[in-house]
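In: Sharing a model that was predicted from the sequence below.
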Amino acid sequence: MPQALNIAVAGLGTVGAATAQLLRVNADLLALRCGRPIVLRAVSARDRGRDRGVDLAGVDWVDDAVRLATHPGIDVVVELIGGAEGVARDLVVASLTAGRPVVTANKALLAHHGTELARLAEGKGTSLHFEAAVAGGIPIVKALREGLAANAIERIYGVLNGTCNYILTTMRATGRDFSAVLKEAQKLGYAEADPSFDVDGVDTAHKLSILTALAFGTEVDFASVHIEGIRRVTADDIRFADELGYRVKLLGIARRTADGVEQRVHPCLVPDSAPIAHVPGAFNAVVADGDFVGSTVFEGRGAGGGPTASAVVADLVDIARGLRVPTFAIAADRLTPPHPFAIQHHRGAYYICLTVRDVPGVMADVTAIFRDEQISLDSMLQRGRAPGEPVPVVLETHECEEAGMARALKNIGRLETMLRPPRMIRIEAF
């Protein structure tokens, strides 16, 4: 019988337990596809007594997760603890230093330390795998490293956070505001008790920084990602977007420009005709534009035990088959600094929502400010109220530079007729 691939798993939460279950339920199928069994030999987690719904009989229990790096008889270490620092990082570093391949779902770790870990792995003649770190069950890492390897990637973007997509989708369907839908998402388990990482865009930015390195052959540069979340998106914004032929999505977008690599995370107005506009609920989607293949779309479940375990085990299958590719698609010592492209230089169209006092001359003042910044308007929506009451005015601009738009909005916000700060959402022409 072929020699088994013996693995150790650190972390038996939702994903760790699902991984152990998948390895047992599909053991015969995996052995057939790999030409050898994949066997769970050791685990480490905080609470030995907790019922995780999976049989761990005959599996070694190691209290100190870092010791899995040198535990006897282990071929691969799977890190499912999470976090950019602490035990998770110590375990990954120790395992790679010992020459053991590592599989991880830890996006924060890779966003902050991906480049140094890739260089450590390749310097030690071993490998670092992370399909599960981005977009859950969607095989986007393998697609970029292998399936699209013949292409120069021009742009990559996507819905990378299921919590935000669920909230925005539900706001559109129900007409309710952000805070009410967030509370519902927390009750249903779609959002954490502290949802900051999700709704403030940090989770999406972690994933985008990893995709950027894969797509463009650059060092991972999380610090240069421009990040905005969805807390300021209102039910009115979503309703007005519908009237203009758009949907609101939180997107991570990266593209190579003549002046550097642009990485940004923020709410976007997306044309209703674009596939990304119709990604539902808690699903994720990634679009990669290649110079020869054109636009490729990947969609599926971006989180949860089953989808993420599927991605973890897909990496184990590659290791069992003896497949090894560079961590970020090219050799780690060939990764280049990304030369960040500042958001102030971004050019695009904009959605602007103003709440004004309905008095003569208010729009003349607004358009004069836009004129001074050489910003022209494409369309306007205005909903009448009783004279003197607050009136929402929605403007859609032609393409302009972000810096000019920022100056214009600052000056518009100073007008006495403005009752609330202006709201701006970038429009993406996909």
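Out: Great, that's in hand. Residues are numbered from 1 along each chain as shown.
In: Excluding residues flanking it in the chain, which one is nearest residue 94?
Out: Setting aside the residues directly before and after it, residue 94 is nearest to residue 69 in space (C-beta to C-beta, 6 or more residues apart in numbering), at 3.6 Å. Quick note: C-beta positions are derived from backbone N, CA and C, even for glycine.
In: Repeat that for residue 60.
Out: With C-beta to C-beta, 6+ apart as the criterion, residue 60 has its nearest non-adjacent residue at 4.0 Å, and that residue is residue 42.
In: Was I right to think residue 232 contacts residue 423?
Out: Yes: using C-beta atoms under 8 Å, residue 232 is in contact with residue 423, at 6.4 Å.
In: higher neighbour count, those two?
Out: Neighbours per residue, other C-beta atoms under 10 Å: of residue 232 and residue 423, the larger number sits with residue 423, 19 against 13.
In: Distance-wise, check that one relative to residue 176.
Out: Remark: distance between residue 423 and residue 176 (C-beta to C-beta, to the nearest Å) = 18 Å.
In: what does residue 222 give?
Out: For residue 222 relative to residue 176 (C-beta to C-beta), the value is 33 Å.
In: Same question for residue 16.
Out: Relative to residue 176, residue 16 is positioned 35 Å away (C-beta to C-beta).
In: Same drill for these two, tell me which one is more crowded.
Out: Counted by other C-beta under 10 Å, residue 16 and residue 176 do not tie: residue 16 has more neighbours, with 26 against 17.
In: In the stretch 251-400 of the chain, what residue spans correspond to helices?
Out: Ranges of helices in the stretch 251-400 of the chain, per DSSP state H, counting those that start in this stretch, are 305-320, 362-372.
In: can you list the residues that contact the shortest one?
Out: Right, the one you point to is helix 362-372. With C-beta atoms under 8 Å, 6 or more residues apart in numbering as the test, helix 362-372 has contacts from 354, 356, 376, 377, 393, 395, 397, 408, 411, 412, 415, 417.
In: and residue 149, that's in a strand?
Out: No: applying DSSP: H, G, I helix; E, B strand; the rest coil, one finds residue 149 to be coil, outside a strand.
In: Next, give phi and psi for it.
Out: The phi/psi pair for residue 149 (degrees, to the nearest 10) reads phi -60, psi -20.
In: Please verify my assumption that it contacts residue 293.
Out: No: Residue 149 lies out of contact with residue 293 (C-beta under 8 Å); the separation is 10.6 Å.
In: Need the helices of the stretch 251-400 of the chain in CSV (columns: mean neighbour count, distance to residue 78 and mean pLDDT).
Out: Formatted as CSV, these follow (neighbours: other C-beta atoms under 10 Å; distance: least, C-beta to C-beta, whole Å; pLDDT from 0 to 100):
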stretch, mean neighbour count, distance to residue 78, mean pLDDT
helix 305-320, 22, 6, 96
helix 362-372, 15, 54, 94
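In: would you turn the ones you listed into JSON lines with distance to residue 297?
Out: Below are the helices of the stretch 251-400 of the chain laid out as JSON lines (distance: least, C-beta to C-beta, whole Å):
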{"stretch": "helix 305-320", "distance to residue 297": "17"}
{"stretch": "helix 362-372", "distance to residue 297": "35"}
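In: Go through those helices and name the closest to residue 258.
Out: helix 362-372 (27.3 Å; C-beta to C-beta).
In: So the closest residue to residue 221 other than its chain neighbours versus residue 227, what's the distance?
Out: Of all residues not flanking residue 221 in the chain, residue 338 sits nearest, at 4.7 Å (C-beta to C-beta, 6+ apart). Separation of residue 338 from residue 227 (C-beta to C-beta): 16 Å.
In: again, but for residue 36
Out: The gap separating residue 36 from residue 227 is 43 Å, by C-beta to C-beta.
In: Also residue 99?
Out: Distance of residue 99 to residue 227, computed by C-beta to C-beta: 36 Å.
In: again, but for residue 147
Out: According to C-beta to C-beta, residue 147 and residue 227 sit 29 Å apart.
In: My guess is residue 101 contacts residue 127. True?
Out: Yes: counting by C-beta under 8 Å, residue 127 is a contact partner of residue 101 at 4.7 Å.
In: Give the residues shared as contacts by those two.
Out: Shared contacts of residue 101 and residue 127, defined by C-beta under 8 Å, 6+ apart, comprise 121, 319.
In: per-residue pLDDT, residue 113?
Out: Note for residue 113: predicted pLDDT of 98.
In: I should have written residue 359 there, sorry.
Out: The model reports residue 359 with a pLDDT of 83.
In: what bridges to the residue lying closest to residue 383 once chain neighbours are set aside?
Out: With sequence-adjacent residues excluded and distances taken as C-beta to C-beta, 6+ apart, residue 383 is closest to residue 392, at 5.6 Å. For residue 392, the beta-bridge partners under DSSP bridges are residue 355.
In: what number of residues lie near residue 392?
Out: Count around residue 392 with other C-beta under 10 Å applied: 20.
In: again with the one 4 residues further on
Out: Using other C-beta under 10 Å, residue 396 has 20 other residues around it.
In: just residue 20 next, same as before
Out: As a burial measure, residue 20 scores 23 neighbours (other C-beta under 10 Å).
In: pLDDT value on the closest residue to residue 421 other than its chain neighbours, please?
Out: The shortest distance from residue 421 to any non-neighbouring residue, by C-beta to C-beta, 6+ apart, is to residue 413 (5.3 Å). Note on residue 413: pLDDT of 95.
In: my guess is residue 413 contacts residue 423, does it?
Out: No: contact criterion C-beta under 8 Å: residue 413 and residue 423 do not qualify, at 10.5 Å.
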